[in-house]
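*Asks:* Sequence plus the predicted model coming up.
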Amino acid sequence: MSRKFKDNLTKIFIYLSIGITCVVLFWIVGFVIIKGIGSISPEFLLSRAKGGDEGGILPMIVNTIFIVVLTISIATPIGVFSAIYLTEYAKPGKLLKSIRFTTECLSGIPSIIFGLFGMLFFVIFLKLKFSILSGALTLSMMVLPTIIRTTEETLKNVPKEYKEGSLALGASRLRTIFKIILPNSLPGIFTSIILSMGRIVGETAAVIFTAGLGKEIVDSVMESGATLSVHLYILAKEGINFEKAYGTALVLLVIVGVLNILASILSKKLNKANN
C-alpha cells in the first residue's frame, strides 16, 4: 500500500472514531432529555422531598453542591502540594517510584471499596456517622490521583526558563514555586478540578455508604444527606418513578455541564492573564 493510501485510511479511522464518540454522546444526552424533560418543573426543582416519589429534589441539589465544594476544598490542597513535592523536591529513586505506583493503584480501586472503607473508618471508627463530612473525606481519596497526576504534568510543562530566571534573580525555591510556577499551572489545575467534580457529582457507591440517605437540606457537615446520584439510584432501583429518575438524571447532566462551562471560562481568563 502506498503512503498516501495509508494516510487516508488513518484519517478515515480518526474521523470515524470522532463521529462514533459524538453520536454516542448526543444519543445518551438526547435520550435523557427526552425522557426527563416532562418531569422538570418549578415544583420538582424547588420543593422538598416528601417520601417515595413525592415532592422535589431541592435538598439533593443543595447536598450535591455542598459535598462537591467540601470535597474539592479538602482534595485540591493535598493534591497540588503532593504534585509540587513530586516534581520539585522528590529525588528519582525507589521512594518516588513507590509514591507514583501507589497513586496509580489508588486510581484503579473500585468505588465500592472506597465506600466500604469510608463507612468502616470515617463513619464507625472515627464516629463521624453518616454525614456529608464522611462522604467528602471518602470522595477526596477517590479524586486525589486525578488531581495529583494532572497537576504534576502541568507543573512539568511550565518552561524551565521561567524557573531558572527566577532563581537567577535571587528568588528562593519556594517563592519561585508560588510566584512563577503555580500561576502558570492554574489552567491545568482547574482541568483536574473539573474532572474531579464530574466524578464527585456522579458517584453513588461511595456516597451511599458514607453520606447516607437523608432527604433534607443539611445544616452542617455532620448531618446525613443524599446527593442527586444517590436519589437517582433509589428511584431507579426501587422502580418508584422512572420519569422522575430521568428528570433527576437530566438535572445531574445540567449541573455537570454548568460546572464545566464555568471552569472553562475561568481557565481561559487565567490563560489570557498569564499571557
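*Replies:* Structure's in. What do you need? Numbering: from 1, shown residues only.

*Asks:* in the chain, which spans are strands?
*Replies:* 49-51, 54-55 (DSSP state E).

*Asks:* Roughly how far does the closest residue to residue 221 other than its chain neighbours sit from residue 224?
*Replies:* Taking Cβ to Cβ, 6 or more residues apart in numbering, and ignoring the residues beside it in sequence, residue 221 has residue 133 as its nearest neighbour in space, at 4.1 Å. Every residue, glycine included, has its C-beta placed from N, CA and C. Residue 133 is 10 Å from residue 224, where distance means Cβ to Cβ, to the nearest Å.

*Asks:* Quick one: the helices in the stretch 1-150 of the chain, in order.
*Replies:* When assigned using DSSP state H, counting those that start in this stretch, the helices of the stretch 1-150 of the chain occupy the ranges 3-36, 42-46, 58-84, 94-108, 111-118, 132-156.

*Asks:* okay if I get these as CSV plus distance to residue 196 and mean neighbour count?
*Replies:* Conversion of these to CSV gives the following (distance: least, Cβ to Cβ, whole Å; neighbours: other Cβ atoms under 10 Å):
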stretch, distance to residue 196, mean neighbour count
helix 3-36, 20, 11
helix 42-46, 25, 12
helix 58-84, 7, 20
helix 94-108, 12, 12
helix 111-118, 13, 18
helix 132-156, 4, 23
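
*Asks:* now the ones you listed as a markdown table including mean pLDDT and distance to residue 257?
*Replies:* Listed next are those as a markdown table, based on pLDDT from 0 to 100; distance: least, Cβ to Cβ, whole Å:
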| stretch | mean pLDDT | distance to residue 257 |
| --- | --- | --- |
| helix 3-36 | 87 | 9 |
| helix 42-46 | 82 | 16 |
| helix 58-84 | 91 | 14 |
| helix 94-108 | 82 | 24 |
| helix 111-118 | 91 | 22 |
| helix 132-156 | 90 | 19 |
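
*Asks:* which stretch among those helices comes nearest residue 205?
*Replies:* Closest of those to residue 205 is helix 111-118, at 4.4 Å (criterion: Cβ to Cβ).

*Asks:* Got the confidence number for the residue nearest the centre of the chain?
*Replies:* Relative to the mean C-alpha position of the chain, the nearest C-alpha, by Cα atoms, centre = their mean, is the one of residue 196, at 1.8 Å. Residue 196 is assigned a predicted lDDT (pLDDT) of 87.

*Asks:* now it: how far from residue 59?
*Replies:* Spatial separation of residue 196 from residue 59 under the definition Cβ to Cβ is 23 Å.

*Asks:* Tell me, how many residues neighbour the closest residue to residue 44 other than its chain neighbours?
*Replies:* Nearest-residue entry for residue 44: residue 56, 4.7 Å, with adjacent residues in sequence omitted and distances by Cβ to Cβ, 6+ apart. Here the neighbour count serves as a burial measure; for residue 56 (other Cβ atoms under 10 Å) it reads 21.

*Asks:* next one: phi and psi at residue 56?
*Replies:* The main-chain torsion angles of residue 56 are listed as degrees, to the nearest 10 and equal phi -110, psi -160.

*Asks:* Now do it against residue 189, distance only.
*Replies:* Relative to residue 189, residue 56 is positioned 35 Å away (Cβ to Cβ).

*Asks:* Can you tell me how far residue 114 is from residue 210?
*Replies:* In this structure, residue 114 and residue 210 are 9 Å apart, going by Cβ to Cβ.

*Asks:* Can you check which residues contact both of these two?
*Replies:* residue 138 (Cβ atoms under 8 Å, 6 or more residues apart in numbering).

*Asks:* mean confidence score for stretch 178-190?
*Replies:* Stretch 178-190 comes out with an average pLDDT of 83.
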